[in-house]
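# Structural data only, the sequence is not supplied:
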């Protein structure tokens with residue numbers, strides 16, 4: 001008998017086939033388990049290796065032993081029953097396991113197709129549509145000090161800017177990936193937290209006049225390495241930007257994405273070839289990263305140094321134009337010098353790069369902050385966004401412009417984009433909740449706020465407000481609100497705390513806060529308007545019926561406002577009209593209060609963000625003045641248009657007590 005006939009007689013091929021089918025099933029089950037428990041990729045590799053090696057013991061076992069009705073026994077030299085009995089059982093086992101395997105395979109393929117896993121990475125996102133989402137983790141350096149660390153931060157930030165230009169992918173913002181610096185979490189966990197389809201890791205090492213940059217791209221769903229490369233170059237800005245462009249091109253290729261002609265042109269551009277200018281610009285960016293708003297003088301000084309060293313450095317020029325324009329918005333004393341300087345900078349960028357994102361960004365800042373021409377600013381920022389679709393800073397500026405335009409639905413769309421680009425920044429969700437409240441989309445606001453940790457007063461109090469909408473129990477709301485005040489009193493803004501006391505009609509508690517509030521010109525308040533202390537004193541004394549104290553504050557407030565109006569012109573400032581509306585309402589001058597309300601609304605119509613965020617004050621002060629018809633009309637309009645007037649909360653506040661028994665107000669409550 002030949003060797004192969006002996007193998008067949010001893011059922012070795014059947015055992016090996018049975019083992020292969022069983023092993024394949026085990027591997028598939030193990031793959032599901034490792035996904036469910038997010039196990040490291042090496043676990044699956046070790047398991048597959050162990051299963052593969054197990055085929056040899058199985059073959060040896062089948063050669064030596066046989067399966068009999070009396071159990072497993074050592075192989076006899078001549079046993080036809082083995083061929084017919086054990087062989088038949090093995091045939092049945094193979095058929096059953098093959099049926100199970102085929103069924104399992106078909107079910108898995110259907111699931112993968114349903115979940116979009118059968119698509120290439122370039123066609124997947126967290127929602128299985130649109131361009132793939134890429135997260136670039138902070139680059140590591142050879143040391144935690146010196147140039148390696150400096151260039152690691154710079155290369156990472158600049159690479160994000162390069163990638164933000166591409167239309168075929170979307171890039172997670174720097175803010176959301178910083179927490180994964182030196183992380184021990186695996187790629188699948190990071191990808192899931194960021195909603196990313198692919199992760200880029202990298203490192204930087206500089207020594208003398210050389211720099212080494214390495215990068216590797218990993219599929220965030222499978223942990224598969226898609227691409228890797230190391231670049232050794234001369235240490236110069238042009239070399240650094242060239243490497244970044246090469247990395248960007250390699251990423252798009254690995255993700256099966258396509259570069260547009262515009263993408264390729266932008267990647268080829270070198271922002272600066274002056275190393276000293278590059279270093280100065282990077283210092284400025286570090287200040288922006290640390291301070292956010294309220295940037296120190298050193299930030300602008302670094303930008304001025306950068307453009308002095310390289311007058312063609314448009315990226316630094318655009319940043320400087322934005323800073324100057326921002327200061328013009330808040331500090332009138334800097335306007336003459338600042339406007340001239342900003343205009344000079346923008347003209348310079350236009351000459352150097354008229355169709356660049358830098359030019360459109362600079363123009364958007366200037367027209368928004370300085371000219372306050374919101375429609376034109378929107379045109380510029382839209383052009384910038386077309387050139388850098390993944391730049392979250394551009395999207396943020398667009399959302400501010402849309403708010404001023406009164407384009408609240410457009411702003412919601414922009415904020416949702418910012419959420420995708422910056423998923424670990426809870427501030428994006430807070431902005432979304434606030435915008436949903438302004439547009440009266442309370443159901444969606446409720447769903448969004450439940451996703452957040454209620455770790456500050458605004459969030460927790462807003463949660464309680466939306467909960468009030470659900471249960472309609474004001475006693476429960478008051479108790480929860482009071483408990484929240486006690487828990488977070490040291491962290492609450494005084495105006496929020498005062499609002500809570502007034503809403504609960506606890507005027508004594510509200511009065512205790514008044515002396516801690518700023519007056520005109522204090523704590524950043526303009527000397528032109530009433531300070532929080534005066535305005536809130538008027539409301540507190542009016543609602544609590546303290547007429548003598550109220551009269552003293554009203555005399556002081558009217559004198560102050562009339563002086564301000566003399567210098568500011570005849571009610572040209574709509575916010576001054578609001579202060580005068582409050583004074584006239586508390587004095588009982590209903591006709592003058594109604595006149596101030598109309599003037600305020602006409603003026604605020606030029607700034608729809610201001611109108612949306614403050615029209616509840618108009619309704620409240622008209623009610624205090626006893627202007628029933630206009631107060632009810634104000635509430636109805638505010639329910640229908642963007643505002644913070646919430647129908648389940650606003651009409652029940654004490655401001656409306658003076659008109660609460662009027663037929664018009666009773667009818668409004670009945671409708672609600």
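Thanks, I have the structure now. If you're wondering where the values come from, they're calculated on a predicted model, not measured in any experiment.

# Low-confidence ranges, the stretch 401-550 of the chain, go.
521, 523-528 (pLDDT under 70).

# can you map out the helices along it?
408-421, 426-438, 442-449, 457-471, 474-488, 494-503, 507-513, 532-544, 547-568 (DSSP state H, counting those that start in this stretch).

# would you turn those into TSV with mean neighbour count?
Bear in mind the C-beta positions are built from the backbone N, C-alpha and C, glycine included. Putting the helices of the stretch 401-550 of the chain into TSV (neighbours: other CB atoms under 10 Å) gives the following:
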stretch	mean neighbour count
helix 408-421	20
helix 426-438	20
helix 442-449	17
helix 457-471	17
helix 474-488	15
helix 494-503	18
helix 507-513	17
helix 532-544	22
helix 547-568	15
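
# Need those in TSV (columns: distance to residue 340).
Listed next are the helices of the stretch 401-550 of the chain as TSV, based on distance: least, CB to CB, whole Å:
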stretch	distance to residue 340
helix 408-421	32
helix 426-438	34
helix 442-449	44
helix 457-471	39
helix 474-488	46
helix 494-503	37
helix 507-513	44
helix 532-544	35
helix 547-568	24
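
# so residue 517 touches residue 530, yeah?
No - applying CB atoms under 8 Å, one finds residue 517 not in contact with residue 530, separated by 10.9 Å.

# Compare those two (neighbour count), which wins?
residue 530 (27 against 19; other CB atoms under 10 Å).

# Once you drop chain neighbours, what's closest to that one?
residue 579 (4.8 Å; CB to CB, 6 or more residues apart in numbering).

# Same check on residue 581?
residue 596 (3.8 Å).

# does that neighbour sit in a helix, a strand or a coil?
helix (DSSP: H, G, I helix; E, B strand; the rest coil).

# Return the residues in contact with it.
577-578, 580-581, 584 (CB atoms under 8 Å, 6 or more residues apart in numbering).

# State the pLDDT value of residue 3.
Looking at residue 3, its pLDDT is 63.

# ok, back up a step: test my guess that the residue nearest to residue 530 contacts residue 532.
No - taking CB under 8 Å as the definition, residue 579 is not a contact partner of residue 532, at 11.5 Å.

# Next, count neighbours for residue 273.
If you count neighbours by other CB under 10 Å, residue 273 ends up with 15.

# Which element, helix or strand, includes it?
Per DSSP states H and E: residue 273 is located in neither a helix nor a strand.

# Can you tell me how far it is from residue 48?
Going from residue 273 to residue 48 by CB to CB, to the nearest Å gives 50 Å.

# same question, residue 653
As judged by CB to CB, residue 653 and residue 48 stand 66 Å apart.

# ok, the two, which is more surrounded?
Per other CB under 10 Å, whichever of residue 653 and residue 48 has more neighbours is residue 653, with 18 against 15.

# quick one: the closest residue to that one other than its chain neighbours and residue 652, what's the gap?
Closest residue to residue 653 apart from its sequence neighbours, by CB to CB, 6+ apart: residue 503 at 5.8 Å. Per CB to CB, residue 503 is found 9 Å from residue 652.

# Sketch out the low-pLDDT regions of the stretch 201-350 of the chain for me.
293, 330-336.

# Tell me which stretches of it form helices.
Going by DSSP H, counting those that start in this stretch, the stretch 201-350 of the chain shows helices at 237-254, 261-268, 275-291, 297-309, 314-330, 335-352.

# Compare those helices and give me the one nearest residue 411.
Nearest to residue 411 among those is helix 314-330; the distance by CB to CB comes to 18.8 Å.

# Isn't residue 306 up against residue 271?
No - here residue 306 does not reach residue 271: they are 10.2 Å apart, not a contact under CB under 8 Å.

# Break this protein down into its structural domains.
3-115, 123-268, 289-424, 570-672 (automatic domain parsing).

# Give me the distance between residue 347 and residue 53.
Between residue 347 and residue 53 the distance is 73 Å, computed by CB to CB.

# So which of those two has more stuff around it?
More crowded of residue 347 and residue 53, by other CB under 10 Å: residue 347, with 12 against 9.

# Return the residues in contact with the more buried one.
Listed by CB under 8 Å, 6+ apart, residue 347 has no contact partners.

# Report the secondary structure state of residue 626.
Once three-state DSSP is applied, residue 626 turns out coil.

# Just the pLDDT for it.
In this prediction, residue 626 carries a pLDDT score of 97.

# ok, now the one 3 residues further on?
With respect to pLDDT, residue 629 has a value of 97.

# of all the helices of the stretch 201-350 of the chain, which lies closest to residue 437?
Nearest of those to residue 437, taken as CB to CB: helix 314-330 at 25.0 Å.

# what packs against the helix or strand encompassing residue 48?
Using DSSP H and E, residue 48 sits in helix 41-53. Packing partners of helix 41-53 (3 or more CB pairs under 8 Å, 6 or more residues apart in numbering; DSSP states H and E): helix 12-36.

# Tell me the buried residues in the helix it packs on?
If you call a residue buried by 16 or more other CB atoms under 10 Å, then helix 12-36 has these buried ones: 12, 14-25, 30, 34.

# Stretch 199-216 now?
Buried-residue list, stretch 199-216, by 16+ other CB under 10 Å: 199-206, 211-215.

# Can you say which two of these are spatially most distant?
199 and 206 (24.0 Å).

# residues in contact with residue 633?
Contacts of residue 633 (CB under 8 Å, 6+ apart): none.

# and what of residue 322?
When contacts are taken as CB under 8 Å, 6+ apart, residue 322 is in contact with 361-362, 365.
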